[in-house]
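sequence and predicted structure are below.
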Amino acid sequence: MSDIDFNDLLRDAEQMSAQIDKENTGIPRLQRTLTQIHDVTKKKLAKTSNILSTDSNEINASILLAAKGIDAPKLTQTIEGLNIQPFQPAAKTAQTADDTISPFDKLTNIEHLRDVDLASFLKSEKESVLTSIIAEARQKTNQEIEDSFSASNEIEWEKQKQKIMTELLGSFNPEVSVSNTTTSTYSNRQTAFNPQARTLMNDIELEFARQIYLYNQKILTNEKPRPDLIKNFASFIKKLNDKNLEDLWDMINTMTNLPAMDYDEKLNYLDRNNAEKTQSSYVNQAINHLERSFKDLIQNTVNANLKQAKLGGGLGTLRLVSGYLRLSSSEKYHQFSEETFDDKQPLWPTIYLCIRCGDIEAAKTVALNAKKEEIANYLNEITKDSANNGRGRLNNISENKLKIEYKSKIKRVNDAYKRAVYCYLSRYSGDDDSINEVLDNVDDFLWFKLNSVVFKKEPNSDNMTFHEFQSKMSVEFGEKYFTQNRNPFIYLQVLLLTAQFELAVEFLLKYESMIVHGVHMAIGLFDKQMLNILKNPASSQLIVGGEQSEPKSLRRINLPFLIRMYTRKFECTDPREALEYYFFLRNLKVSTQISGEFKRISNYFALYISELALETREFEVLFGRLEKNAVRKPGVIDKFSSDEEANSIISLVAEEIENKGLIEEAVKLYDLCKQHQRVLELCNKLTSVVVTEINVPNSNRDRLKNMVMSIALRYKTETAITSKAIPKSIITTFYLLVDLMTFFDLYHAQSWETAYETLNKLNILPATSSNVDSKVKDFVAFSEEIKRNFPDLILAAMTIMSNLYSKINSMPTRSSGFQSSAFLLGTNNEKKSMLDELKEQARSLIKFVGCIPYRLSGDINARLLQLEVMMN
């Protein structure tokens with residue numbers, strides 16, 4: 001049966017199926033499963049198995065295979081003739097064109113090898129396995145590259161994110177404005193970002209920076225008396241015409257103006273030995289500020305209503321208080337008054353207001369006029385005690401007597417100001433409800449409570465210690481209590497007047513417009529040694545709480561991180577101003593890890609200068625430069641440090657730059673700080689890579705050559721370079737590399753005669769066979785920077801000799817003469833002598849190449865053959 005018969009059969013079957021479908025549209029077709037088809041096929045096979053013989057089956061099979069183009073008899077013979085042999089890998093032969101084909105290109109050819117012998121089949125299978133292994137390795141490598149790239153991107157993004165977050169510090173609470181006055185003032189003073197501008201600092205930041213600059217100038221010149229930085233800040237803040245800011249800096253100035261403190265001693269008002277004395281000073285300063293502010297308030301109120309106050313011609317606190325009590329706005333002071341004196345003035349409110357203004361003598365005068373001799377005696381005792389202790393108080397007997405009298409009688413009287421005077425005199429603070437009418441604002445509350453605090457816990461005492469009062473204000477009440485529906489300056493005032501400076505700085509940093517004040521407040525406090533510094537400034541936290549043994553309200557500030565955060569905005573545009581801020585960190589030590597195990601103790605001033613230099617690359621501005629006479633022209637850093645300190649900082653920067661791979665910049669900085677050995681080592685490292693290259697103007701080699709040549713000429717005249725501190729091998733390597741650069745310039749310029757003369761002067765290759773051994777010993781002693789250039793040097797020497805030999809050998813006899821920079825030939829004898837010299841050098845060079853323990857290239861072997869031909 002032919003192929004056509006099968007096709008006809010298929011076509012007829014399809015036509016019959018189509019006709020059945022057409023005629024029997026309403027009858028469903030019979031659908032059989034594979035199992036049913038299999039069963040029917042078996043039955044058909046059983047019916048025909050007895051009819052068909054074995055021969056006919058083979059014939060039919062051959063016909064079917066022939067229809068597909070397969071020769072069945074030949075296939076049978078091939079299978080029977082297969083000789084299975086163990087696979088032996090073929091010996092490696094010379095590379096052919098097929099070996100250069102990629103394994104991936106062979107995939108398409110493997111399927112065509114199925115019909116060949118067993119050896120070829122196994123070879124194809126081997127190639128298939130290798131290809132799959134290569135593909136798998138390739139995929140794995142690509143995945144590792146992608147993972148590494150993704151991880152690198154994540155790390156870089158984290159760094160950028162951290163940088164952005166630190167720059168945005170303070171802007172996370174935009175819903176609360178510090179005050180309308182402050183906001184409007186700052187909105188007018190903000191400087192919009194301008195890429196063309198010289199600075200990114202606004203005008204108030206520039207003024208603060210100016211004050212920092214002036215202060216540092218006086219410190220560096222050791223001006224006496226020592227300037228007061230906070231006082232200077234407070235003075236220029238008055239020019240802003242912002243009452244809130246003026247009050248803020250006035251409070252800071254008052255609270256830090258402690259003349260009794262010794263500023264040569266490192267103070268820490270919460271945990272040092274003389275805490276009681278210092279805390280007492282802080283309390284006195286806070287009370288003085290509150291009394292002065294209250295008196296100013298009364299004075300301003302009276303001045304605005306002079307006609308109603310009827311002051312008359314008298315002066316003094318008593319007359320001011322009397323005039324104030326005549327005003328209609330002072331109605332609350334008359335509300336509960338039961339006793340009066342002169343001109344029907346309320347007695348106890350007058351005594352209280354005189355005390356509140358800080359004038360005990362005026363209060364005593366009122367008590368005497370009202371025939372309150374007992375109260376006058378108590379006030380007189382306080383006056384006498386204040387002459388010795390700054391702020392007077394009654395003795396324990398008098399205080400206890402007054403407390404008993406208060407609890408038994410005074411507590412129940414209607415006059416709230418009488419109760420307040422008795423509580424003040426006895427320092428009794430255990431019953432706030434009885435004087436709530438008096439303490440109706442934060443200032444009065446603070447004044448009263450500060451007058452009653454103690455510095456040592458006394459038995460059976462209701463008085464709070466200073467630490468307890470601090471915690472009550474900042475922990476128990478806290479920010480939310482004071483800022484809810486109130487001016488946030490109230491809470492800031494509470495923190496400052498209770499000497500919780502770190503919390504005050506933390507609070508200011510929450511408001512974008514107040515960051516500048518918070519930073520400079522911290523700097524001023526640090527300068528006066530009144531700031532709690534984080535014990536581990538290397539931490540990335542800005543403000544942290546105290547240890548378990550310390551008060552809950554205590555905070556410690558990471559001052560280096562705070563200053564770095566603040567200066568990051570303008571350090572690139574104003575590096576000089578940034579250095580003025582870094583100068584405050586000169587005494588804060590930091591450990592920097594060098595070379596794995598070794599540590600150099602430095603300070604944050606040096607560390608941040610190095611980081612600034614690395615970021616801005618303003619090396620000349622910061623560190624100066626070397627003049628032609630090898631003298632360093634001072635940079636900005638020299639204002640703040642001695643030559644030794646400046647060299648140490650420059651060295652630190654040079655190490656960081658070297659670690660980043662900026663070797664040329666590192667060389668300049670090492671040269672600047674007189675680390676000559678490191679200069680030579682790095683020059684050797686740089687020069688050895690490019691010494692054999694062709695010199696192209698403005699290329700990497702040309703730039704390195706100019707730098708190295710200038711260093712070589714300058715160091716020749718400096719006796720310090722030849723000192724024993726620098727190993728002789730480093731100096732020898734440096735100058736030899738410089739000479740080799742000159743030689744290769746002549747070689748690439750094809751100045752054969754001059755190059756030949758220069759090579760002989762270098763004297764590093766053997767000139768005769770007798771000195772080969774000595775030159776081999778010299779070669780072993782050379783540094784790696786020299787050895788790696790020997791193959792190119794030998795090749796250049798062979799090329800020069802070959803060209804010179806050919807040139808001299810081609811000269812006609814008895815010529816007029818062959819002149820060069822190296823030799824003059826005028827006779828046949830001179831010509832023969834020169835040729836013999838070249839041959840001898842060639843022989844010695846061939847012998848030298850065979851003796852040195854160094855791997856040479858194939859070009860040298862080829863040139864050796866050329867030299868051997870030349871000698872023969």
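Arrived safely, thanks for sending.

what's the burial count for residue 120?
Neighbourhood size, residue 120 [other Cβ atoms under 10 Å]: 12. (C-beta placed from N, C-alpha, C; glycine too.)

same check on residue 361?
Neighbour tally, residue 361, other Cβ under 10 Å: 13.

pretty sure it sits against residue 383.
Yes. Counting by Cβ atoms under 8 Å, residue 361 does reach residue 383; the two are 6.5 Å apart.

please, where are all the strands along this protein?
340-341, 345-346, 543-545, 555-557, 589-594, 598-603, 625-626, 632-633, 818-819, 824-825 (DSSP state E).

by mean pLDDT, show me the worst of those.
Of all these, mean pLDDT reaches its minimum on strand 818-819 (a mean of 48).

how far away is residue 344 from residue 575?
Separation of residue 344 from residue 575 (Cβ to Cβ, to the nearest Å) stands at 70 Å.

now do residue 657
16 Å.

please apply the same query to residue 203.
Residue 203 is 20 Å from residue 575, by Cβ to Cβ.

neighbour count for those two, which is higher?
Taking neighbours as other Cβ under 10 Å, residue 203 and residue 575 compare with residue 575 leading, 19 against 12.

list the contacts of that one.
Shown in contact with residue 575 (Cβ atoms under 8 Å, 6 or more residues apart in numbering): 612, 616, 618, 621, 622, 636.

which one is the first one nearest to, not counting chain neighbours?
In this case it means residue 612. In space, and not counting its chain neighbours, residue 612 is closest to residue 571: 5.6 Å by Cβ to Cβ, 6 or more residues apart in numbering.

pLDDT wise, what is that neighbour at?
86.

for it, what are its contacts?
578, 612, 615, 616.

now do the last one against residue 653, distance only.
Looking back up the chat, that one is residue 616. As judged by Cβ to Cβ, residue 616 and residue 653 stand 11 Å apart.

who has more neighbours, the two?
residue 653 (26 against 15).

my read: the more buried one touches residue 668, true?
No. The pair residue 653 / residue 668 is not scored as a contact, 10.7 Å apart, by Cβ under 8 Å.

quick one: low-confidence parts of the stretch 651-800 of the chain?
The stretch 651-800 of the chain contains residues with pLDDT under 70 at 718-724.

what's the burial count for residue 21?
11.

and it, what pLDDT?
pLDDT recorded at residue 21 is 70.

again with residue 84
pLDDT, residue 84: 46.

could you do the one 5 residues further on as well?
The pLDDT attached to residue 89 in the predicted structure is 43.

which members of the contacts of residue 575 are the farthest-apart pair?
616 and 636 (11.4 Å; Cβ to Cβ).

got any residues that touch both of those two?
575, 622.

what about dumping the CA coordinates of stretch 438-446 to CSV?
Written as CSV, here are the backbone C-alpha positions of stretch 438-446 (Å, rounded to 0.1, in the frame of the first residue of the first chain):
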residue,chain,number,x,y,z
VAL,A,438,-4.0,83.3,94.5
LEU,A,439,-2.1,80.9,92.3
ASP,A,440,-4.2,81.4,89.2
ASN,A,441,-1.4,81.4,86.6
VAL,A,442,1.8,79.4,85.9
ASP,A,443,4.1,82.2,87.0
ASP,A,444,2.6,82.6,90.4
PHE,A,445,2.4,78.8,90.8
LEU,A,446,6.1,78.4,89.9
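
next, the buried residues of it.
Within stretch 438-446, the residues that qualify as buried are 438, 439, 442, 443, 444, 445, 446, counting by 16 or more other Cβ atoms under 10 Å.

so who does the last one touch?
Residue 446 sits next to 286, 290, 493, 494, 497, 498 when contact means Cβ under 8 Å, 6+ apart.

re the thing from before, okay, and the common contacts of residue 653 and residue 668?
residue 619.

in JSON lines: the contacts of residue 571, plus pLDDT and distance to residue 688.
Shown next, in JSON lines, are those (pLDDT from 0 to 100; distance: Cβ to Cβ, whole Å):
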{"residue": "578", "pLDDT": "90", "distance to residue 688": "38"}
{"residue": "612", "pLDDT": "87", "distance to residue 688": "33"}
{"residue": "615", "pLDDT": "84", "distance to residue 688": "31"}
{"residue": "616", "pLDDT": "83", "distance to residue 688": "31"}
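
which pair in those residues spans the largest distance?
578 and 615 (10.3 Å).

of these two, which one has the most company?
residue 578 (25 against 12).

any idea how far residue 323 is from the more buried one?
Counting by Cβ to Cβ, the gap from residue 578 to residue 323 is 54 Å.

wait, what's in contact with the residue lying closest to residue 393 once chain neighbours are set aside?
Excluding the flanking residues, the one nearest residue 393 by Cβ to Cβ, 6+ apart is residue 385, at 5.9 Å. Shown in contact with residue 385 (Cβ under 8 Å, 6+ apart): 392, 393, 394.

out of the residues you listed, which is nearest to residue 367?
residue 394 (14.5 Å).

now do the same contact list for the closest residue to residue 352 other than its chain neighbours.
Residue nearest to residue 352 in three dimensions, not counting chain neighbours: residue 417, with 4.4 Å by Cβ to Cβ, 6+ apart. Contact analysis of residue 417 by Cβ under 8 Å, 6+ apart lists 333, 336, 337, 346, 348, 349, 351, 352, 438.

out of these, which sit inside helices?
Applying DSSP state H to those, the entries found in helices are 333, 348, 349, 351, 352.

which of those residues scores worst on pLDDT?
In terms of pLDDT, the lowest of the ones in helices among the contacts of residue 417 is residue 333, showing 85.

count the neighbours of that one for me.
Residue 333, neighbours per other Cβ under 10 Å, totals 22.

what's near enough to touch the nearest residue to it once chain neighbours are set aside?
Leaving aside its sequence neighbours, residue 333 sits nearest to residue 349 (Cβ to Cβ, 6+ apart; 3.9 Å). When contacts are counted by Cβ under 8 Å, 6+ apart, residue 349 touches 325, 333, 334, 337, 417.
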